[in-house]
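Colleague: coords please:
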Amino acid sequence: MDGLAVKVSLVDGADHTFTLRPRVIVDFEQKFNKGLGKLLGEEQKLEHLYYLAWSSLKANGIVVKPFGPDFLDTLKSVELTTDPSSGSTETA
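Modeller: Predicted structure coming up:
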């Protein structure tokens with residue numbers, strides 16, 4: 001998942017972009033009991049993106065409501081992007 005980031009816009013006007021770090025990826029995989037790649041590729045649901053946003057905000061020290069309707073009401077938009085500042089560490 002090198003170079004993948006989540007861009008979060010909140011209804012209060014705050015915008016955040018976070019590189020998906022191991023802590024967030026493991027949290028996601030434990031929540032959904034499947035690999036991130038599979039869920040984002042074959043079985044993607046908007047819930048997955050919203051959970052990544054929630055987990056990323058929380059992991060970066062931003063106080064968020066518990067994941068659910070109250071948190072979802074704070075979101076304006078969420079998208080996956082590439083993080084140009086993150087060079088790939090994959091090897092052949």
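Colleague: okay, and for this structure, where does confidence drop off?
Modeller: Confidence mapping of the chain against pLDDT under 70 gives the ranges 1-2, 83-92.
Colleague: now the helices for it?
Modeller: Listed from the start of the chain, the chain has helices (DSSP state H) covering 22-32, 36-41, 46-59, 69-72.
Colleague: Most tightly packed of those helices?
Modeller: Using mean count of other C-beta atoms under 10 Å, the stretch among those with the largest mean neighbour count is helix 46-59, at a mean of 20. In this view, the C-beta of every residue, glycine as well, is placed from N, C-alpha and C.
Colleague: Please list all residues in contact with the most centrally placed residue in the chain.
Modeller: The central residue of the chain, meaning the one whose C-alpha is nearest the mean C-alpha position (C-alpha atoms, centre = their mean), is residue 52 at 2.5 Å. By C-beta atoms under 8 Å, 6 or more residues apart in numbering, residue 52 lies in contact with 6, 20, 24, 28, 78, 80.
Colleague: Pretty sure the third one sits against residue 59.
Modeller: Yes - at 5.3 Å, residue 24 and residue 59 qualify as touching, with contact defined as C-beta atoms under 8 Å.
Colleague: any shared contact partners between those two?
Modeller: residue 18.
Colleague: returning to what we had before: looking at the contacts of residue 52, spot the one nearest residue 13.
Modeller: The shortest gap between residue 13 and any of the contacts of residue 52 belongs to residue 78, at 15.2 Å (C-beta to C-beta).
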